[in-house]
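Enquirer: Task: produce atomic coordinates for the following.
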Amino acid sequence: MRELPDGVEDLPVASPTQWMEGFELSQAEVDEMQEAKFLIESGAISSQVNIWVAKPGCGKTSILMHEAAQISKQGYQVLYVNMDCGAADLKYWRKLGNEGGFKIITPHFKGAGGIEDWMAGLSTMSRLDTDLSKVVIVVDTLKKIADLMSKAKAKAAMGLLRDLTAKQCTIICAAHANKHRTHDGKLVFEGVGDIENDCDNLIYLEGSERDQYGTKTVTLEASDKVRGIFQKRSWQIKEGGSVIALDVVVDDSAEMEVKTQLEKDETVIEVIKEGIESGHHKRLELFNFATQNKITKREFDAVIKRYCQGQSSGKTIPLWRDEKQRKDNASHYIWLGSALCEHTYLRDDRTYRTYRVDPILKGLL
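Expert: Model (predicted):
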């Protein structure tokens, strides 16, 4: 070991874990999270960038319009920027805005450069020496003002929104979830990671299917990227579009788990269904039919059991039942199609098919 010259003191050696201290929250940051002011209960924090993520048709716009009216009652100037509505919807949106005490802003009706001009005005506003603490801007949807697949453009748009929050403005953005979920069925934000990194609060909304009365529930759950203490909460959307904030949380995770598994198994289910309906009721006959349609033994065995009444784990919808034959005790499968509604819809030029239990017959299975 080299000796130090006379008069030179030994220098302290930094701890090998000292670098981690840069990731420790300060007391001020902890206090800020504890004392965060919610403009939407467990949904949006004042003077921050809040992003609501959901699948198309979930009901996030209906809920945001409902909550915009509640925020307006608190004395805030709410500007709802709706860049998704068509000309036929304008009268309806303006009526809701007038009744709720907030303005509906539609820059996309101002020609080809309407959204760009609105963004330029937003940039000018962010540079003003003014207090925007009583201003709330709702952007529906985020993809209209930012190329969510471009890191540079997404970062520029998020930078502008953050400049506004520096003036104490509150930003709430609606955004879409990816059509693919995580392995455990969770929603995934559709866009580059910079959006998630640059926002303050990333919130997910999960919607149920509509029941026989046309009512659906939507449940909000925060991601790990938040700057406050969020709790789950739910709303109910009636067939006519009216929204009610519920006092209890409706957990749609079980239904989503069923739906996600159905989407994964859709191809195998279709083959088994076709086999049963074409007269292949015995297990061996059905298996041979499935293999002819490029279904592996592993896939067949898993799906035939997963959706068989009385054999499934209870986390899936029974699609068929096994009626043992007295003669040879062989499995004989019967399709339970009468208890299901096939729902086909078109999105992004592709046709999707899902199965939904008839609510009236659900209790009979």
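
Enquirer: any weak-confidence spans in the stretch 151-300 of the chain?
Expert: Filtered on pLDDT under 70, the stretch 151-300 of the chain yields the residue ranges 252-256.

Enquirer: Mind doing that once more with 90?
Expert: The model of the stretch 151-300 of the chain has pLDDT under 90 over residues 151-155, 178-186, 190-197, 208-214, 240-241, 247-264.

Enquirer: which residues of it fall in strands?
Expert: 170-176, 201-207, 216-222, 233-237, 243-245 (DSSP state E, counting those that start in this stretch).

Enquirer: Present the ones you listed as TSV; the columns should include distance to Glu277 and mean neighbour count.
Expert: Bear in mind the C-beta positions are built from the backbone N, C-alpha and C, glycine included. Shown next, in TSV, are the strands of the stretch 151-300 of the chain (distance: least, C-beta to C-beta, whole Å; neighbours: other C-beta atoms under 10 Å):
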stretch	distance to Glu277	mean neighbour count
strand 170-176	36	24
strand 201-207	31	22
strand 216-222	31	21
strand 233-237	36	20
strand 243-245	41	15
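
Enquirer: among those strands, which is nearest Trp118?
Expert: For those, proximity to Trp118 was assessed by C-beta to C-beta; strand 170-176 is nearest, at 14.2 Å.

Enquirer: Dump the C-alpha coordinates for that closest one into PDB.
Expert: What follows is strand 170-176 as a C-alpha-only set of coordinates in PDB (Å, rounded to 0.1, in the frame of the first residue of the first chain):
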ATOM      1  CA  THR A 170     -53.600  21.400 -13.700                       C
ATOM      2  CA  ILE A 171     -53.400  19.000 -16.700                       C
ATOM      3  CA  ILE A 172     -55.600  15.900 -17.200                       C
ATOM      4  CA  CYS A 173     -55.100  13.900 -20.300                       C
ATOM      5  CA  ALA A 174     -57.000  11.000 -21.700                       C
ATOM      6  CA  ALA A 175     -54.900   8.300 -23.400                       C
ATOM      7  CA  HIS A 176     -55.400   4.800 -24.900                       C
END
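
Enquirer: list the helices and strands that strand packs on?
Expert: strand 44-45, strand 49-54, helix 60-73, strand 135-140, helix 151-166 (3 or more C-beta pairs under 8 Å, 6 or more residues apart in numbering; DSSP states H and E).

Enquirer: who does the longest one touch, helix- and strand-wise?
Expert: To tie it back to what came earlier, the one meant is helix 151-166. Short answer (3+ C-beta pairs under 8 Å, 6+ apart): helix 151-166 packs on strand 49-54, helix 114-126, strand 170-176, helix 193-198.

Enquirer: Can you list the buried residues in the second one?
Expert: Right, helix 114-126. 115, 118-119, 122, 125-126 (16 or more other C-beta atoms under 10 Å).
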